[in-house]
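J.: model the structure of this input:
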Amino acid sequence: MTDRKLGDVANRFLFENERVRIWEMDLAPGECSAFHEHRLPYVLCIVEGESIDADLEDGRTIHIPVEPGKFLYVPAGGRETAVNRSPVRFREILIELKEA
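T.: Residues are numbered from 1 along each chain as shown. Have a look, this model is predicted:
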């Protein structure tokens, strides 16, 4: 693991209660998120975009095609930077599922 400083999982915090934390990720073409860690599982709700890349801590990149209105489940674990290398805005709502 690297000693890089960890940031938030998305760029805008929206809501929290005892069960969930909800964030919005909004990246223009060419923008990237903070380097972050998925400490808990997430449900991602795609609002806009055609793809997003996850630049992983080990140097690999995962290219993820997306479609507005679709949902993705992301298990806990892993550190990454989200990068929008597509020509269109990427936007999603991240629902962080707290352990019960």
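
J.: all strands for this protein, in order.
T.: With DSSP state E as the criterion, the chain has strands at 12-16, 20-27, 36-37, 42-48, 51-56, 61-65, 71-74, 79-83, 90-97.

J.: who's in contact with the closest residue to Glu31 other than its chain neighbours?
T.: Leaving out its chain neighbours, the residue that sits closest to Glu31 by CB to CB, 6 or more residues apart in numbering is Asn84, at 5.5 Å. For every residue, glycine as well, the C-beta is placed using N, CA and C. If you count contacts by CB atoms under 8 Å, 6 or more residues apart in numbering, Asn84 has them with Leu27, Ala28, Pro29, Gly30, Glu31, Cys32, Gly49, Ile52, Asp53, Phe90.

J.: try it again with 10 Å
T.: By CB atoms under 10 Å, 6 or more residues apart in numbering, the contact list for Asn84 reads 25-33, 49-53, 90-91.

J.: sorry, back to before: dump the strands of the chain into TSV; add distance to Lys5 and mean neighbour count as well.
T.: Conversion of the strands of the chain to TSV gives the following (distance: least, CB to CB, whole Å; neighbours: other CB atoms under 10 Å):
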stretch	distance to Lys5	mean neighbour count
strand 12-16	18	12
strand 20-27	18	18
strand 36-37	10	16
strand 42-48	21	18
strand 51-56	16	18
strand 61-65	21	12
strand 71-74	21	13
strand 79-83	11	19
strand 90-97	20	20
